[in-house]
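Quick one, structure for this:
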Amino acid sequence: MYWKELTTGIYPWDMHDEGIENILDHLQNHAGNNAAYMLAVMHHEKRPLHDNYYHHNPVRKRYLAEDSRSYFTIHPESYTNSRIKPLPSDREFLQGTDWLEIFTTALRKRGMSPGAEISHTPLDSVRGAGEFADCIQRDIYGNPPGHG
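Numbering: from 1, shown residues only. This next block holds a predicted model:
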C-alpha cells in the first residue's frame, strides 16, 4: 500500500526545546514524513501522553500543557462578533512567538505539507464552567459534563 501523505503532530514546546529544523530532519530522515500538523490550540494534558518522560528532549522530561491556549498570533479583529475569544499562552517561553508561522514556513521550505489542529476545544474549562457556561456541550438530558 502506498501512503500519499505521512504526517504527525508537533507541539510548540517541542519546537522551542528541540528546534523545528531538528524535528523535521528526524521526521524526514527516519520516518519518511512528507507532512506534519501543529497543535495550534491544545487542551490541558500531560506530555508525553503514554510515557513517563521525553527520551529525547534536551530541556525538559515532561510537560503539562495549558488548557486551550493559542500558539499563533491572535488577531482580535477576527473575533469582534464572537463572545469567546482565544487566549494566548501564559508560559513565558511560549509567549510572543507565532509558532504556527514558524512551523508552516519550515515545512513549506522543505516541500512538506503543513496542517494545524485545534485539540480539542478553543474554550478552556475555567471559562467554560463560568463565563461561558451557556456555551458548553451537554448530554442528551441537558446536563453539563460531570453532572450526576
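
My guess is residue 69 contacts residue 90. True?
Yes - counting by C-beta atoms under 8 Å, residue 69 does reach residue 90; the two are 6.8 Å apart. Bear in mind the C-beta positions are built from the backbone N, C-alpha and C, glycine included.

more neighbours, the two?
Set side by side, residue 69 and residue 90 show more neighbours around residue 69, with 22 against 10, by other C-beta atoms under 10 Å.

Could you tell me the end-to-end distance of stretch 14-22?
With C-alpha to C-alpha, to the nearest Å as the measure, stretch 14-22 spans 10 Å from end to end.

how far is it from where the chain is centred?
14 Å (C-alpha atoms, centre = their mean, to the nearest Å).

And the longest helix seen in the chain, what does it pack against?
Secondary structure assigned by DSSP state H gives helix 99-109 as the longest helix of the chain. Contacts defined by 3 or more C-beta pairs under 8 Å, 6 or more residues apart in numbering; DSSP states H and E place helix 99-109 against helix 12-18, helix 20-26, strand 35-42, strand 113-119.
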